[in-house]
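Colleague: Got a sequence here, can you model it:
(chains A and B)
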Amino acid sequence: MIEMQDIYMTYPNGVVGLNGISVNIKQGEFVYIVGHSGAGKSTFTKLMFREEIPTKGKILVNDQDVTKLKWKEVPYFRRNIGVVYQDFRLLPKLTVYENIAFALEVIEENPKSIRKKVMNVLDQVGLKNKARFIPDELSGGEQQRVAIARAIVNHPGILIADEPTGNLDPNTSWEIMHILEDINASGTTIIMATHSKEIVNTIKKRVIAMEDGVIVRDEHRGEYGYEI
Amino acid sequence: MAMKFNTLKRHLKEGAKNTVRNGWMTIASVGAVTTTLILVGVFLVVMLNLNHIAGALEDDVQIKTLIDRTVEQTEVDQLEENIKSIEEVETVEFSTKEEELDNLIESMGEQGQAWSLYEQDNPLNDVFIVKATDPTDTEKVASQIEELNGVYEVNYGQDYVEKLFTFNQYARNIGLVLIAALVFTAIFLISNTIKITILARKKEIGIMKLVGATNGFIRWPFFVEGMILGLLGSIIPIAIIMIGYYYLSGNLVLLQQFNFVKILPFNPFAFQVAGLIIAIGVSIGVWGSLMSVRKFLKV
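Modeller: Residues are numbered from 1 along each chain as shown, chains lettered A, B, ... in the order given. Sure, this is the predicted structure:
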C-alpha cells in the first residue's frame, strides 16, 4: 500500500529532514508516528502527500511511484488521500455543509451527488444537526470533526492526520480518536503523527518512532516510549 | 477540452464573487484600468485622427505654380508641357485667376465677402495645380518647376509640408511607445491586485490543492476576475470617449476655418475605438491575472 525505500530528504536550506528511511504500511493499518519536534514526522507525512519530493529514494503509494508523478497527475493522486491538520484549516465564511461540499465541488464532483455525500459524512462524524453553522460557532473538537469529514468525504484509501488532537483538550481528543478508529475500521489506512503519549499508550496501534530523521523503533501495538 | 457547464458556471460565479468580495481592491484596480484606458482611448482618438488628417493632407499636398501675368498663351502651353515632363509629376491642372478668387472667397466664409471687391480687378494669377505621384517628392518637383520659364512663383508651403511629415512620424512613434507603456503599467497593476486577491484567498487555494483540485480549476476564477476587472475598467473610458467625441465631431464641423481638417466621423469611428478599448481592457485583465496566478500555483 505505502512503501518507502531508503528515503533521504534534505531541504534546500540544508536542513536534513529524513536520513535514510524504509517503511512498509499495509492497507487498513493504523500507524502512529511519534517523535520530538524536528524528528522528521512532518517531512514523513508531507512526502506521502507529495507536498515534498525526496532528495533520494522511492515512495510507492498504491504501486505508484509518487516521486515520479507529473505536475498534472498530482491533483488526481491527492484525491486518494485525505489530510487533517492540527489547525483544522476550515474556511471561516462557509458553513459546515459548504466547507465539505467545497472539497467536492473543486474536484468537479457531480452536483447531484454532492448533497448526499456531504450529509452522509456529516452523519458519520455526528454533526448532521450543525450543517448550517459556521466554524466559529463550533467547538474545537467539532471543527476538527468537520475537517475529518472533509478529508474522508471522497472515501480516500489513506487518511493522514498531522497531530489532529494537538489543539484539543483530552476529552475532545478521545472523541476524535473514536471517529478515527471508526474510519479505520471501515478499511481506511490511517497515519497519524502525534505528541500525545496518553493516546498512543491507550489506543494501542503500530508505532513508528523517529529521531533525527531516522526510524528508531517500529513496533506493532507499541508504546509512546518518550518521557516529556 | 470541453468544460462541464456546471464548472463553467461555478468559475463565472466565483470570479464575480471575488470581484465583489474584494471591494476596495477591485475599485482600486478598476480605477487603474480606467485611468489607463482613458489615456489609451484619448491617444487612440488623437493618433488615429492625426494619421487620418495627415493622410488626407499628404494626398492633398499640391504645388501651386503661379503663372507670370505677362506671358503669352503659347508660353503657358509650353510651361504645361514642361511641367508634365517632370518624372515625379502625377497631375497638372489649370485654374484661372477667376476660379482662384472664387475659391479664396469661399474658403474665407463671411470674411471672404470683402474680397469680392477684387472681382473687378483680380490681382491673382492663373495657376497650374501640380501633384506629385509620391507626396514626399513635393519639394523636389517644386524646385524643378521654379526653374522653368513663365513661372512667377511656386507655392507649396514647403516648411509646412515638411514639418507635417516629421511631426506625424514623431507623433506616431511617441504615441505607440506611450500606449505600450500605459498598457504595461495597467497589466502590472492588475496582476498586483490579483496577487493581493490570491494572497487573501491563500487558505482557500491551499485547501483546494489539499483536496486535489487541478491547477486549471484553481486558475479559472482568477482568469474570470481579471476579465471582469478589464470590462469594468473600460466602461467609463468608453463613455468619456463616446460622449467627448460626439461633441467634438459636432463642434469641429461648425468651425469653418478647419473645414480642410475633417476628423473621422463619429459613426463608425467612436464604436471602433470603443471595441478596441474593451478588447484592450479584457486583454490586460486576463494577462494580469494569468501573470500573478502562474507564479503562485508553482508550489
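Colleague: all strands for the chain, in order.
Modeller: Reading this off chain A. A:2-10, A:16-25, A:30-34, A:56-61, A:64-65, A:81-85, A:158-162, A:189-193, A:206-211, A:214-219 (DSSP state E).
Colleague: my bad, the chain I had in mind was chain B
Modeller: Assigned by DSSP E, the strands in chain B fall at B:63-67, B:89-95, B:127-132, B:151-155.
Colleague: hmm, back to that, and the strands of chain A: which comes nearest chain B?
Modeller: strand A:81-85 (5.8 Å; C-beta to the nearest C-beta). The way it works is simple: take the backbone N, C-alpha and C, and place the C-beta from them, glycine included.
Colleague: any low-confidence regions in the chain?
Modeller: Picking chain A for this. The model of chain A has pLDDT under 70 over residues A:226-228.
Colleague: um, chain B though
Modeller: In chain B (pLDDT under 70), the answer is B:1-3, B:22, B:54-60, B:107-112, B:157-162, B:164-165, B:252-261, B:295-296, B:298-299.
Colleague: what's across from the most centrally placed residue in chain A in the sheet?
Modeller: Nearest to the mean C-alpha position of chain A, counting by C-alpha atoms, centre = their mean, stands residue A:160 at 1.6 Å. Beta-bridge partners recorded for residue A:160 (DSSP bridges): residue A:83, residue A:191.
Colleague: Show the contacting residues for it.
Modeller: By C-beta atoms under 8 Å, 6 or more residues apart in numbering or on different chains, the residues touching residue A:160 are A:45, A:48, A:49, A:81, A:82, A:83, A:84, A:190, A:191, A:192.
Colleague: Can I get the strands of chain B in TSV including mean neighbour count?
Modeller: Compiled in TSV, the strands of chain B are given as follows (neighbours: other C-beta atoms under 10 Å in any protein chain shown):
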stretch	mean neighbour count
strand B:63-67	22
strand B:89-95	15
strand B:127-132	21
strand B:151-155	16
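Colleague: Among the ones you listed, which comes closest to residue B:291?
Modeller: Distance to residue B:291, taken as C-beta to C-beta, is lowest for strand B:127-132 among the strands of chain B, at 49.5 Å.
Colleague: Show me what the closest one is packed against.
Modeller: Using 3 or more C-beta pairs under 8 Å, 6 or more residues apart in numbering or on different chains; DSSP states H and E as the contact test, the elements touching strand B:127-132 are strand B:63-67, helix B:73-84, strand B:89-95, helix B:138-146.
Colleague: can you give me the helices for the stretch 101-250 of chain B?
Modeller: B:138-146, B:158-200, B:202-210, B:215-254 (DSSP state H, counting those that start in this stretch).
Colleague: I'd like the distance from the second one to the chain centre, please.
Modeller: Right, helix B:158-200. Put simply, helix B:158-200 sits 13 Å off its chain's centre (C-alpha atoms, centre = their mean, to the nearest Å).
Colleague: Tell me the helices and strands packed up against that helix.
Modeller: helix B:23-60, helix B:138-146, helix B:215-254, helix B:266-297.
Colleague: Identify whichever of the helices of the stretch 101-250 of chain B lies nearest to residue B:106.
Modeller: Closest among the helices of the stretch 101-250 of chain B, once you apply C-beta to C-beta, is helix B:215-254, at 16.6 Å.
Colleague: tell me the contacts of the most far-flung residue of chain A relative to its centre?
Modeller: Residue farthest from the centre of chain A, counting by C-alpha atoms, centre = their mean, is residue A:112 at 27.7 Å. Not one residue lies near residue A:112 by C-beta under 8 Å, 6+ apart.
Colleague: All set, thanks.
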